[in-house]
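# okay, sequence plus prediction incoming.
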Amino acid sequence: MALVTDDFVFIHTPKTAGTWCREAILKKYPEAKDSNRNILVPAGSIADMDDMGFSIPVEQHASASAIERRLPEIAHLKFIGFVRHPVTWYSSMWSWAMRRRFGAEIASGENELANRHWLAAVWSESFSEFIDRVLALQVPRAWVVFHEKLTRQNGLCEIGKYESLATNLYKLTGCTGIQSERPRASGIQAVMSLSQEHALKQLERETIRKWYS
C-alpha cells in the first residue's frame with residue numbers, strides 16, 4: 001500500500017502498526033489517496049477486511065520502488081515508512097499468522113499467495129519451533145522485508161521506528177495518532193528463549209546495527 005497525500009507517501013511495512021499510522025494520517029489528510037496498481041483512488045474505496053476486522057487496501061504492502069515505477073507523478077514527494085526491532089517483529093508476524101489460521105491456509109493449498117509467502121517455508125504453530133526454523137534457514141527476513149518495502153529508486157524512504165511510533169510519525173508527517181487501539185487476540189503466546197533471542201539478534205545483526213545500535 002501507498003497512502004498518498006499532497007505532502008508525502010506512506011509505505012506500509014508489515015507488522016509496524018501500519019493501520020494505526022494510516023488512521024492517524026487520514027485524520028489530518030482525509031482526501032488522501034490509495035495506490036491501486038498504476039492509478040490513485042480515494043482512500044478506502046478499494047479495500048478488504050483484515051483478520052481483525054479492519055478495512056485494508058488491496059495493495060497494502062506494495063514497495064516504495066514499485067509505487068515509484070507505477071506512479072512517477074508522485075516520485076517527487078517524501079516517502080516514509082517504519083521499521084521494528086527484529087525480536088518483536090518475528091513475534092508479531094507469527095501472532096498475526098496464528099490469528100488468520102495461516103497453517104490451515106497452506107495445508108489446504110487453496111491460497112496461492114499463502115503458499116508463496118516466506119512464512120510457509122518456516123511455519124509451525126509452535127512459536128519456539130517457528131523461531132528454530134527461521135534460525136535454521138539463516139535468512140535475515142526482517143532485513144529483507146524492510147529493504148524490499150522501504151527502498152526507493154534512489155535510496156531509502158525516511159524511516160521511523162515502531163518503538164517510538166507516535167513521536168516518529170509526528171516528526172515525519174505532523175500527524176498525531178488517535179487513541180483507539182486494535183483489539184488484541186487472547187491466548188496466543190509468542191515468547192522465545194534467551195538463546196533463541198541471542199541467535200536471532202545474530203542473524204539480524206545488520207538490521208539491528210543499522211537502526212538500533
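Alright, I've got the coordinates.
# can you give me the helices in the chain?
18-28, 64-70, 86-99, 102-108, 112-116, 127-137, 141-150, 165-173, 194-203, 205-212 (DSSP state H).
# dump the ones you listed to CSV, plus distance to Ile80.
Glycine gets a C-beta too; all of them are placed from N, C-alpha and C. Below are the helices of the chain laid out as CSV (distance: least, CB to CB, whole Å):
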stretch, distance to Ile80
helix 18-28, 9
helix 64-70, 9
helix 86-99, 18
helix 102-108, 28
helix 112-116, 26
helix 127-137, 28
helix 141-150, 9
helix 165-173, 5
helix 194-203, 26
helix 205-212, 14
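# buried stuff in the lengthiest strand in the chain?
Among the segments of the chain that qualify as a strand by DSSP state E, the longest is strand 78-83. Judged by neighbour count using 16 or more other CB atoms under 10 Å, the buried positions of strand 78-83 are Phe79, Ile80, Gly81, Phe82, Val83.
# what strands flank it, and is each parallel or antiparallel?
Its sheet considered, strand 78-83 pairs with strand 8-11 (parallel), strand 158-161 (parallel) by DSSP bridges.
# relative to helix 86-99, how tilted is it?
80 degrees (axes from the mean of the first three to the mean of the last three CA atoms, to 10 degrees).
# just the CA atoms of strand 78-83, as CSV, please.
Coordinates of each C-alpha in strand 78-83 appear next as CSV, following Å, rounded to 0.1, in the frame of the first residue of the first chain:
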residue,chain,number,x,y,z
LYS,A,78,8.8,12.4,0.5
PHE,A,79,8.3,8.7,1.1
ILE,A,80,8.1,7.5,4.7
GLY,A,81,7.8,4.1,6.5
PHE,A,82,8.6,2.3,9.7
VAL,A,83,10.9,-0.5,10.9
